[in-house]
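Student: sequence unavailable; structure follows:
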């Protein structure tokens with residue numbers, strides 16, 4: 001039964017790739033990376049939802065709900081709430097710039113040095129997501145069929161890479177939308193089914209540990225850091241930005257982000273509540289196993305269906321992030337420096353090759369690290385505390401567009417400060433044994449972000465002072 005269901009599911013995904021390729025009328029890099037900027041509302045919305053739901057969301061946030069209760073919802077609140085703001089004010093401005101990738105905007109305004117830094121910081125998030133998604137779906141497939149983790153990785157990667165390489169963004173958007181429906185419906189029904197298994201709502205409420213209904217259980221500092229990190233990660237998340245750039249119009253982009261944000265705001269309580277259900281029914285399991293433990297309550301067929309849902313969440317995210325990172329390699333590196341005169345055909349070919357390379361590298365990283373959710377959040381923290389504030393400033397603050405040194409210094413200082421915070425703070429972090437996420441004494445994003453803002457704001461005012469004032473200051477300092 002399990003083999004039949006998975007074969008049907010994988011075949012459906014594989015068929016979509018070549019079919020989606022037929023929609024690429026121009027066959028150029030813009031067609032491959034952004035679906036020719038012609039994607040309708042329902043596909044953009046589905047792509048946004050599917051991008052937000054991945055293995056870290058289900059397994060990681062389910063484990064956070066198991067460990068911390070509803071207070072862990074703060075880990076997602078900033079991320080999803082900012083989506084609606086992006087649709088109204090942020091994405092339309094980026095669309096008018098007619099860019100393909102985020103680093104391209106930095107190159108236009110400042111030059112190749114900014115673009116290099118931006119590419120590195122964007123990849124911090126996307127490679128981490130790739131790693132988490134690849135290892136998450138392999139863990140599930142390995143559990144269902146009792147095969148090795150490496151074999152499960154090979155199978156799932158082959159399926160994902162086939163439709164992504166052949167169909168590009170059109171294939172990703174179509175498969176994302178189909179999987180978004182499956183994810184929203186399939187995961188939400190787990191809560192009433194789990195509560196019914198416990199004996200009803202009243203019985204469920206009476207058995208929840210007191211700590212798990214305390215909204216401040218994770219602490220005020222950690223909650224604030226989660227909200228800030230989530231919001232900034234979302235703003236700088238190139239995979240989401242490219243969803244907006246792919247829309248057929250500004251109106252479609254705005255509507256899609258409003259719909260996606262509204263749906264996600266309500267749905268994101270689901271994995272945390274599933275974790276709380278697991279605390280009541282399976283109090284002795286590892287937080288890592290909380291989500292999948294609840295799926296076992298619904299019989300063999302139910303378990304298989306929920307396993308497909310988890311794999312679907314991973315595949316949708318993996319296909320999106322590898323395509324995004326491949327666009328950085330082909331558009332920002334290959335076309336910019338290696339072969340500026342490259343034909344569109346060769347850029348598309350490099351994109352396809354890069355999709356495979358990024359997926360393999362991300363999988364190897366995920367294979368070597370234990371914390372699924374913390375892996376995703378680590379890359380997100382680095383990008384959120386460095387690139388995202390500068391990107392927002394560049395879009396909305398005209399003066400900062402003339403601050404060449406301050407912008408690049410702010411990104412570098414913020415990234416370094418966050419990495420130092422991760423290294424040092426890791427020693428003092430409190431983590432639940434077998435858990436999926438750290439509760440930091442001082443979250444690294446609260447270390448890196450202030451440095452970024454200080455360098456950016458103070459540096460911009462100094463660097464962009466009127467020329468007359470700078471000449472006088474220079475003369476005074478030299479004693480003339």
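Tutor: Looks like it came in fine. In this text, all values refer to a predicted model and were calculated from it rather than measured experimentally.

Student: need the strands for the stretch 351-480 of the chain, in chain order.
Tutor: 430-431, 438-439 (DSSP state E, counting those that start in this stretch).

Student: mean pLDDT for those: which is lowest?
Tutor: Note on these: strand 430-431 shows the lowest mean pLDDT, a mean of 50.

Student: ends of stretch 62-77, what's the gap?
Tutor: End-to-end span of stretch 62-77 (Cα to Cα, to the nearest Å): 15 Å.

Student: which regions of the protein sit below the pLDDT cut-off?
Tutor: The chain contains residues with pLDDT under 70 at 25-26, 55-56, 368-377, 426-439, 467-480.

Student: if I look at residue 216, how far off is residue 224?
Tutor: In this view, residue 216 and residue 224 are 11 Å apart by Cβ to Cβ, to the nearest Å. Heads up, the C-betas are built off the backbone N, CA and C, glycines and all.

Student: ok, the two, which is more surrounded?
Tutor: residue 224 (15 against 10; other Cβ atoms under 10 Å).

Student: residue 231: what's it in contact with?
Tutor: 78, 79, 81, 82, 384 (Cβ atoms under 8 Å, 6 or more residues apart in numbering).

Student: need the contact list for the residue nearest to residue 148 when sequence neighbours are not counted.
Tutor: Spatially, and ignoring its direct neighbours in sequence, residue 148 is nearest to residue 142 (6.7 Å; Cβ to Cβ, 6 or more residues apart in numbering). Residues near residue 142 by Cβ under 8 Å, 6+ apart: 148, 149, 151, 152.

Student: now do the SS call for residue 142.
Tutor: helix (DSSP: H, G, I helix; E, B strand; the rest coil).

Student: circling back: now tabulate the contacts of residue 142 in CSV and tack on distance to residue 362.
Tutor: Putting the contacts of residue 142 into CSV (distance: Cβ to Cβ, whole Å) gives the following:
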residue, distance to residue 362
148, 19
149, 15
151, 18
152, 15
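
Student: can you give me the helices in the stretch 151-300 of the chain?
Tutor: 190-198, 201-207, 220-236, 238-246, 250-267, 269-281, 290-295, 299-327 (DSSP state H, counting those that start in this stretch).

Student: how near is the nearest residue to residue 326 once chain neighbours are set aside to residue 329?
Tutor: Once flanking residues are discounted, residue 326 sits nearest to residue 354: 3.6 Å by Cβ to Cβ, 6+ apart. For residue 354, the distance to residue 329 equals 4 Å [Cβ to Cβ].

Student: can you name the residues that contact the closest residue to residue 355 other than its chain neighbours?
Tutor: Spatially, and ignoring its direct neighbours in sequence, residue 355 is nearest to residue 326 (4.5 Å; Cβ to Cβ, 6+ apart). With contact set as Cβ under 8 Å, 6+ apart, residue 326 has these partners: 351, 352, 354, 355, 357, 358.

Student: wait, which of those residues is closest to residue 252?
Tutor: Taking Cβ to Cβ as the measure, residue 252 sits nearest to residue 351 out of the contacts of residue 326, at 24.0 Å.

Student: any chance of the helices of the stretch 151-300 of the chain in TSV, plus distance to residue 409?
Tutor: Shown next, in TSV, are the helices of the stretch 151-300 of the chain (distance: least, Cβ to Cβ, whole Å):
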stretch	distance to residue 409
helix 190-198	47
helix 201-207	52
helix 220-236	18
helix 238-246	22
helix 250-267	31
helix 269-281	38
helix 290-295	42
helix 299-327	25
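
Student: what's the closest of those to residue 61?
Tutor: helix 269-281 (3.9 Å).

Student: which elements pack onto the closest one?
Tutor: helix 61-68, helix 149-188, helix 190-198, helix 201-207, helix 290-295 (3 or more Cβ pairs under 8 Å, 6 or more residues apart in numbering; DSSP states H and E).

Student: contacting residues around the third one?
Tutor: Pointing back at helix 190-198 there. 201, 204, 207, 270, 273-274, 277, 280-281, 294-295, 297-298, 306.

Student: what would these look like in CSV with distance to residue 394 and neighbour count?
Tutor: Shown next, in CSV, are those (distance: Cβ to Cβ, whole Å; neighbours: other Cβ atoms under 10 Å):
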residue, distance to residue 394, neighbour count
201, 49, 11
204, 48, 20
207, 51, 15
270, 35, 22
273, 39, 20
274, 39, 25
277, 44, 28
280, 48, 20
281, 49, 17
294, 44, 25
295, 44, 24
297, 49, 19
298, 49, 17
306, 43, 23
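
Student: just give me the closest of these to residue 8.
Tutor: Nearest to residue 8 among those: residue 306, at 16.1 Å, using Cβ to Cβ.

Student: nearest spatial neighbour of that closest one, skipping sequence neighbours?
Tutor: residue 295 (3.7 Å).

Student: cool, and residue 298?
Tutor: residue 193 (6.2 Å).

Student: contact partners for the nearest residue in space to residue 444 that is not next to it in sequence?
Tutor: Distance criterion Cβ to Cβ, 6+ apart; nearest residue to residue 444, sequence neighbours excluded, is residue 421 at 3.2 Å. Residue 421 sits next to 442, 443, 444, 445, 446, 447, 448 when contact means Cβ under 8 Å, 6+ apart.

Student: mind checking how far residue 421 is from residue 77?
Tutor: Distance from residue 421 to residue 77, by Cβ to Cβ: 21 Å.

Student: before we move on, back to that, in TSV: the contacts of residue 421, plus neighbour count and distance to residue 346.
Tutor: Shown next, in TSV, are the contacts of residue 421 (neighbours: other Cβ atoms under 10 Å; distance: Cβ to Cβ, whole Å):
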residue	neighbour count	distance to residue 346
442	15	48
443	28	43
444	28	40
445	29	39
446	20	44
447	22	43
448	27	38
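
Student: ok, these vs residue 54, which is closest?
Tutor: residue 445 (20.2 Å).

Student: the contacts of residue 326 in helices, which ones?
Tutor: Taking DSSP state H as the definition of helices, the contacts of residue 326 contribute 351, 352, 354, 355, 357, 358.

Student: the fifth one: neighbour count?
Tutor: To tie it back to what came earlier, the one meant is residue 357. 13.

Student: and what of the first one?
Tutor: Neighbour count of residue 351, defined by other Cβ under 10 Å: 23.

Student: can you tell me the closest non-neighbouring residue to it?
Tutor: residue 330 (4.1 Å).

Student: helix, strand, or coil at the one you found?
Tutor: Relying on three-state DSSP, one would call residue 330 helix.

Student: coming back round to it: the residue nearest to residue 298: neighbouring residues, count only.
Tutor: Neighbour tally, residue 193, other Cβ under 10 Å: 15.

Student: how far away is it from residue 299?
Tutor: For residue 193 relative to residue 299 (Cβ to Cβ), the value is 11 Å.

Student: do residue 187 as well
Tutor: For residue 187, the distance to residue 299 - Cβ to Cβ - is 17 Å.

Student: just to revisit the earlier point, let's have the contacts of helix 190-198 in CSV, adding distance to residue 42.
Tutor: Output for the contacts of helix 190-198, formatted as CSV (distance: Cβ to Cβ, whole Å):
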residue, distance to residue 42
201, 34
204, 35
207, 40
270, 22
273, 27
274, 27
277, 31
280, 37
281, 37
294, 30
295, 28
297, 33
298, 29
306, 25
